[in-house]
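Trainee: sequence plus predicted model, see below.
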Amino acid sequence: MAKQEIHVECHDCRCKSGPFMLLNEEQMARVDKQRTEITYNKGEIICKQGSFVSYILFIKKGLVKLFLETKPTPTIISVEKNGYFLGLQSITGQGVFHYSVEAIEDTELCLVNIEVFKELILENAKFAAGVLGYINKDMVKLYDRLHSAAHKQIHGRFAEFLLYLKDNIYQENPFTISITKKDMADIISTSSESVSRLFTELKKEKIISEKGKTITVIDEDKLRQISKFG
């Protein structure tokens with residue numbers, strides 16, 4: 001079950017995101033008075049699609065998946081790690097979460113009161129520009145995924161996702177995955193059996209190696225070629 005924790009003050013926090021570093025001392029103190037920190041265990045639901053947004057959630061540590069509650073199976077939008085904001089799309093408009101979020105790993109979140117967040121956007125142009133940059137980055141990522149789904153074959157989508165894990169999520173090689181093959185299959189719109197087959201093919205061609213949950217990209221140039229032309 002999610003639990004609240006004692007936390008350091010905002011201006012002493014090493015996890016501050018770019019926009020919050022642009023706040024003045026008084027604004028930072030205001031944020032600190034209207035926030036809390038919560039830890040979610042692996043597998044717990046952090047927020048539900050359609051629920052009211054009282055806080056903007058900032059991932060301090062951990063890994064989550066964003067998904068739409070579609071039938072017959074959920075549609076995974078993305079996998080995100082520390083440094084990511086949840087709920088920014090709800091600052092204007094309906095004020096509800098447009099997706100659900102589940103913790104893939106034990107995850108630490110900082111919850112900032114959404115009304116304070118809105119005040120800071122109106123008061124501080126640099127902070128507002130920083131938030132807009134985050135939203136824009138998300139939109140570009142969505143466009144890239146839509147392009148991939150429409151134009152790439154399954155091999156290309158799989159190679160692209162492996163590179164995303166290596167370059168953006170774990171930022172190391174080899175890397176140990178916490179995401180399941182079922183989730184990987186949902187993200188690239190295929191079956192778990194196909195994901196297992198793709199792993200086997202890439203290992204046979206010596207493009208990657210796999211030991212337990214640890215993956216090593218052996219031939220990155222080849223994997224990028226598959227991602228681009230697959």
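Mentor: Cool, the structure landed.

Trainee: list the residues that contact the residue nearest the centre of the chain.
Mentor: Nearest residue to the geometric centre of the chain (C-alpha atoms, centre = their mean): residue 80, 1.4 Å. Applying C-beta atoms under 8 Å, 6 or more residues apart in numbering to residue 80 gives the contacts 59, 63-66, 86. All C-beta atoms are positioned from the backbone trio N, CA, C, and that covers glycine.

Trainee: next one: residue 128
Mentor: 120-122.

Trainee: where along this structure do the helices fall?
Mentor: For the chain, the helices defined by DSSP state H cover 25-33, 114-123, 125-151, 154-164, 181-187, 192-204, 220-229.

Trainee: and the shortest one, C-alpha only, in CSV?
Mentor: Once side chains and other backbone atoms are set aside, the C-alpha atoms of helix 181-187 remain, and they are given as CSV (Å, rounded to 0.1, in the frame of the first residue of the first chain):
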residue,chain,number,x,y,z
LYS,A,181,7.5,-9.2,-21.9
LYS,A,182,3.7,-8.9,-21.8
ASP,A,183,4.0,-5.1,-21.3
MET,A,184,6.6,-5.0,-24.0
ALA,A,185,4.2,-6.8,-26.3
ASP,A,186,1.4,-4.4,-25.5
ILE,A,187,3.7,-1.4,-26.2
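
Trainee: residues in contact with it?
Mentor: By C-beta under 8 Å, 6+ apart, helix 181-187 touches 65, 67, 73-76, 78-79, 104, 158, 161, 191-192, 194-196, 199.

Trainee: centre of the chain versus it, how much separation?
Mentor: 15 Å (C-alpha atoms, centre = their mean, to the nearest Å).

Trainee: now for this structure, the helix or strand with the poorest mean pLDDT.
Mentor: Every helix and strand in the chain was compared by mean pLDDT, DSSP states H and E; the lowest is strand 3-4, with a mean of 59.

Trainee: could you check how far residue 230 is from residue 78?
Mentor: 20 Å (C-beta to C-beta, to the nearest Å).

Trainee: go on, residue 187?
Mentor: Distance of residue 187 to residue 78, given as C-beta to C-beta: 8 Å.

Trainee: which one's more surrounded, the two?
Mentor: Neighbour count, other C-beta atoms under 10 Å: between residue 187 and residue 78, residue 187 has more, with 23 against 16.

Trainee: can you check the pLDDT for the more buried one?
Mentor: For residue 187, the model assigns a pLDDT of 91.

Trainee: next one: residue 165
Mentor: Looking at residue 165, its pLDDT stands at 96.
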